[in-house]
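Q: Show me how the following folds:
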Amino acid sequence: MLGDFNDTMTVRDLLSDCDTGIGTYEGLDGEALIVDGVAYKGTADGTVVKMADTDKLAFSTVTKFDHSVKEQTITNVEDIKTLKAKLQPIVDQNKNIFYMFLAHAKFSKMHVRSCYKCAKPYPTLAEAACEQREYHYENEEGQIIAIYCPDYVEGINLPGWHFHFLSDDKTHGGHILGLSADEFTFKMNAIPEFDLVLPTDSDFGKLNLTEDLSESTNAVEGN
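A: Numbering: from 1, shown residues only. Presented below is the predicted three-dimensional model:
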């Protein structure tokens, strides 16, 4: 949020332990879409590219997804608010752990955004988001990669749900601002433990991380 978009980890290092998740690349360069052990980028020009092992991430939330869990179905999802409400009974079983969510559907509507890569000196995320690009798709088949974070990680991650989209043909993707679908199939992993890797660059070391950024974070993330 404060504008440290320096690299933290390479794609190769990230995928050595994890295969599923979301994030962004060095310089706030697009939306990270990590599925099946492959890292993709939803770009601000509306395309998706596969990332090289040597490409670098600024931020990510990832896991080793357990696909052996039971597949479930939800219907009549008219917007993100409805989707969150339908997932709430699962989250309510333990709201103090993390959840990784993988879903597939034919979306009657899909609304995504992504940001252009920033140059130094970096703007804040709120400033960079003013230049984001948004795209609307209809009747698009694809998957959602999403993370739920508990409230107490405010400041480290985004509390609540954060949804990214990747089309089946790997041509469209980004941070989800809106959606609708008649039926979802999904799997969800409950995650009761996590490792936190912090940046070691001097820019990060100089930041004041005590500032309350919740209001601006919610505005930028479309909540």
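Q: going forward, measure contacts and count neighbours with C-alpha atoms only.
A: Will do.
Q: Which residues belonging to the helix ranked longest in the chain are considered buried?
A: Using DSSP state H to assign secondary structure, the helix with the most residues in the chain is helix 80-91. The neighbour-count criterion (16 or more other CA atoms under 10 Å) identifies 80, 83, 91 as the buried residues of helix 80-91.
Q: ditto for stretch 60-80
A: 60, 61, 62, 63, 64, 65, 77, 78, 80.
Q: so can I have JSON lines of these showing distance to residue 153, pLDDT and secondary structure?
A: Converted to JSON lines, the buried residues of stretch 60-80 look like this (distance: CA to CA, whole Å; pLDDT from 0 to 100; DSSP: H, G, I helix; E, B strand; the rest coil):
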{"residue": "60", "distance to residue 153": "14", "pLDDT": "97", "secondary structure": "strand"}
{"residue": "61", "distance to residue 153": "12", "pLDDT": "98", "secondary structure": "strand"}
{"residue": "62", "distance to residue 153": "15", "pLDDT": "98", "secondary structure": "strand"}
{"residue": "63", "distance to residue 153": "17", "pLDDT": "98", "secondary structure": "strand"}
{"residue": "64", "distance to residue 153": "20", "pLDDT": "98", "secondary structure": "coil"}
{"residue": "65", "distance to residue 153": "21", "pLDDT": "98", "secondary structure": "coil"}
{"residue": "77", "distance to residue 153": "28", "pLDDT": "98", "secondary structure": "strand"}
{"residue": "78", "distance to residue 153": "29", "pLDDT": "97", "secondary structure": "coil"}
{"residue": "80", "distance to residue 153": "22", "pLDDT": "97", "secondary structure": "helix"}
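Q: circling back to that earlier point, could you name the helices and strands sitting against the longest helix of the chain?
A: Helix 80-91 is packed against strand 173-191, with contacts defined by 3 or more CA pairs under 8 Å, 6 or more residues apart in numbering; DSSP states H and E.
Q: so the strand it packs on versus helix 80-91, what angle?
A: Taking axes from the mean of the first three to the mean of the last three CA atoms, to 10 degrees, one finds that strand 173-191 is oriented at 10 degrees with respect to helix 80-91.
Q: Paired strands for strand 173-191, with orientation please.
A: The pairing partners recorded for strand 173-191 under DSSP bridges are strand 72-77 (antiparallel), strand 98-114 (antiparallel), strand 160-167 (antiparallel).
Q: For that strand, give the mean pLDDT please.
A: Predicted confidence along strand 173-191 averages 98 (mean pLDDT).
Q: ok, then the element right after it?
A: The helix or strand immediately downstream of strand 173-191 is helix 202-205, counting by DSSP states H and E.
Q: Dump the C-alpha coordinates for that following helix into PDB.
A: What follows is helix 202-205, C-alpha atoms only, in PDB (Å, rounded to 0.1, in the frame of the first residue of the first chain):
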ATOM      1  CA  SER A 202      16.400  -0.800   2.400                       C
ATOM      2  CA  ASP A 203      13.200   0.700   1.100                       C
ATOM      3  CA  PHE A 204      11.100  -1.700   3.100                       C
ATOM      4  CA  GLY A 205      13.200  -1.000   6.200                       C
END
